[in-house]
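A.B. asks: sequence first, then the predicted structure, then my questions.
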Amino acid sequence: MPVIRALTKAAKQALLTPGCRCRTAATSVRTISVSPRQVTSDASFHSVSFSETDHPKVLITGGLGQLGVGLAKILRKRFGNNNVILSDIRKPPSHVFHSGPFIYSDILDYKNLREIVVNNRITWLVHYSAVLSAVGEANVQLAREVNITGLHNILDIAAEHGLRLFVPSTIGAFGPTSPRDPTPDLCVQRPRTIYGVSKVHAELMGEYYHHRYGLDFRCLRYPGIISADSQPGGGTTDYAVAIFHDASKNGKFECNLKPGTRLPMMYIDDCLRATLEVMEAPTEQLSMRTYNINAMSFSPEELAAEVKKQIPDFQITYNIDHIRQAIADSWPMNFDDGNARNDWGWKHDYDLPELVTTMLNFIGSDSRLAHAN
Ligand SMILES: NC(=O)c1ccc[n+]([C@@H]2O[C@H](COP(=O)([O-])OP(=O)(O)OC[C@H]3O[C@@H](n4cnc5c(N)ncnc54)[C@H](O)[C@@H]3O)[C@@H](O)[C@H]2O)c1
Ligand SMILES: C[C@@H](O)[C@H](N)C(=O)O
């Protein structure tokens, strides 16, 4: 009886939801006739029957990168340790393995992914697996496979099982013909990296699945993310993490971008909180499915000046990496995140001075601890 009530409620809701008018006909995403990948008009029933009071059961893909472990930590605090599963194709370090559920998952293996979702009754999927901008330019084939083919698997699984799906996009989804100062949510997007192209593809496919199949797709365009306890995975904004380690250890840093290269940036705590907030936001608050979020914008010389306030002898030199420089020159300098602020109340906590103090304190205390042990 409760199932029938849920289905009736869901059917009514589907008919009333303006973006989902097309749900009246069963539609198959892939062409195989009786395929587990078939997404039917009732694809959203699972998420409708998922009560708001229940904790979601979350799977994070690519969870051993710069962002995944931190996200797992805050989600586990909120939803319980066993309700958040980290996954990756790499072997987890022992502290991660012992901090909560971890599972091997290659996003290119559709069957394995489906098994994990089914066996663990996953309701939210946070899709972090990716090949980032600089590494992507060095290995286009790999970036295409992971960022595009992998995404297709994720979208189909999420639609088939009625999951709420988060896929991060990036400032890299814009290009030289986009307005750069500031860059609004909706404007020309012609990125010149395979990373950027794959992220525009992800935004468009996610939104298409939302309108076509009712997939609860949510996407934030992150700026460059800065973290102390996790290393970035081959991006163009990585200098803004490395500078703190080198400044703290050696008092100097060789930067691979030009002194005046201004890019939008964010401290990791703000980024992870934004991710939780948009995932928890009631559907009615989301006037869009892909939002810019921002905290600050700075150039290497401005960052170095702020570091110098705390380490007066700090020296920065420049040895330009032309591939990274060309990428950075095509990206936004300032990010307009007014829609995120208006729709679901996005507000950052960390500006440049707080970022620098927090990073240097963290890295300083970490290296003091390492010396003491
Ligand atoms: N870190 C940033 O500054 C930033 C900014 C904007 C957007 N993002 C996005 O956020 C997400 C997470 O970023 P990150 O910095 O943690 O990335 P990262 O490069 O540090 O980690 C990516 C992870 O994906 C995993 N991976 C690669 N191929 C895989 C496969 N076939 N199956 C499963 N996992 C695979 C890797 O092992 C790695 O642990 C990415 O989608 C990225 O595009 C990050
Ligand atoms: C900006 C972001 O997507 C990533 N840090 C990169 O530089 O590739």
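C.D. replies: Okay, I see it. Ligands and ions are numbered 1, 2, ... in the order given.

A.B. asks: okay, now the closest residue to residue 349 other than its chain neighbours: neighbour count?
C.D. replies: Among residues not flanking residue 349 along the chain, residue 270 sits closest, at 5.7 Å (Cβ to Cβ, 6 or more residues apart in numbering). Bear in mind the C-beta positions are built from the backbone N, C-alpha and C, glycine included. Look at residue 270: counted by other Cβ atoms under 10 Å, it has 23 neighbours.

A.B. asks: check residue 176 too.
C.D. replies: Neighbours of residue 176 (other Cβ under 10 Å): 13.

A.B. asks: ok, now which ones touch whichever residue of the stretch 151-300 of the chain sits closest to ligand 1?
C.D. replies: Closest approach between the stretch 151-300 of the chain and ligand 1, counting by Cβ to the nearest ligand atom: residue 233, at 2.2 Å. In this structure, residue 233 makes contact with 65-66, 132, 135, judged by Cβ atoms under 8 Å, 6 or more residues apart in numbering.

A.B. asks: ditto for residue 60
C.D. replies: With contact taken as Cβ under 8 Å, 6+ apart, residue 60 is in contact with 68, 71-72, 75, 84-87, 126, 128.

A.B. asks: find the nearest non-adjacent residue to residue 360, please.
C.D. replies: Closest to residue 360 by Cβ to Cβ, 6+ apart is residue 310, at 5.5 Å.

A.B. asks: do you know the pLDDT at that neighbour?
C.D. replies: At residue 310, the model reports a pLDDT of 96.

A.B. asks: now do the one 5 residues further on
C.D. replies: The pLDDT attached to residue 315 in the predicted structure is 98.

A.B. asks: check the closest residue to it other than its chain neighbours and give its pLDDT.
C.D. replies: Leaving aside its sequence neighbours, residue 315 sits nearest to residue 252 (Cβ to Cβ, 6+ apart; 4.3 Å). For residue 252, the model assigns a pLDDT of 98.

A.B. asks: again, but for residue 331
C.D. replies: 98.

A.B. asks: begin at 56 from now on, thanks
C.D. replies: Yep, numbering from 56; the last one is residue 386 now.

A.B. asks: what's the next secondary structure element after the helix or strand hosting residue 360?
C.D. replies: Applying DSSP states H and E as the criterion places residue 360 in helix 355-365. Sequence-wise, the next helix or strand downstream of helix 355-365 (DSSP H and E) is strand 370-373.

A.B. asks: the strand ranked longest in the chain and ligand 1, are they touching?
C.D. replies: Longest strand in the chain, counting residues (DSSP state E): strand 271-277. Yes: looking at strand 271-277 against ligand 1 by Cβ under 6 Å from any ligand atom, the contacts come from residue 277.

A.B. asks: please apply the same query to stretch 246-259.
C.D. replies: No: using Cβ under 6 Å from any ligand atom, stretch 246-259 stays clear of ligand 1, coming no nearer than 6.7 Å.

A.B. asks: any idea of the mean pLDDT for that stretch?
C.D. replies: Throughout stretch 246-259, pLDDT has a mean value of 98.

A.B. asks: show residues contacting that stretch.
C.D. replies: 185-188, 191-192, 195, 198-199, 202-203, 206, 222, 224-225, 227-231, 244, 274, 345, 381-382, 385.

A.B. asks: element containing the nearest residue to residue 228 once chain neighbours are set aside, please.
C.D. replies: In space, and not counting its chain neighbours, residue 228 is closest to residue 254: 4.3 Å by Cβ to Cβ, 6+ apart. Using DSSP H and E, residue 254 sits within helix 249-268.

A.B. asks: if we can go back for a sec, then the helix holding residue 360 to PDB, C-alphas only?
C.D. replies: C-alpha atoms of helix 355-365 as PDB (Å, rounded to 0.1, in the frame of the first residue of the first chain):
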ATOM      1  CA  PRO A 355      50.300  34.900  -7.900                       C
ATOM      2  CA  GLU A 356      51.800  38.300  -7.000                       C
ATOM      3  CA  GLU A 357      48.900  39.200  -4.800                       C
ATOM      4  CA  LEU A 358      49.000  35.800  -3.100                       C
ATOM      5  CA  ALA A 359      52.800  36.200  -2.600                       C
ATOM      6  CA  ALA A 360      52.300  39.600  -1.000                       C
ATOM      7  CA  GLU A 361      49.800  38.200   1.500                       C
ATOM      8  CA  VAL A 362      52.200  35.300   2.300                       C
ATOM      9  CA  LYS A 363      55.000  37.800   2.800                       C
ATOM     10  CA  LYS A 364      52.900  39.500   5.600                       C
ATOM     11  CA  GLN A 365      53.400  36.300   7.600                       C
END
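
A.B. asks: hmm, that helix touching ligand 2?
C.D. replies: No: judged by Cβ under 6 Å from any ligand atom, helix 355-365 stays clear of ligand 2, getting no closer than 13.9 Å.
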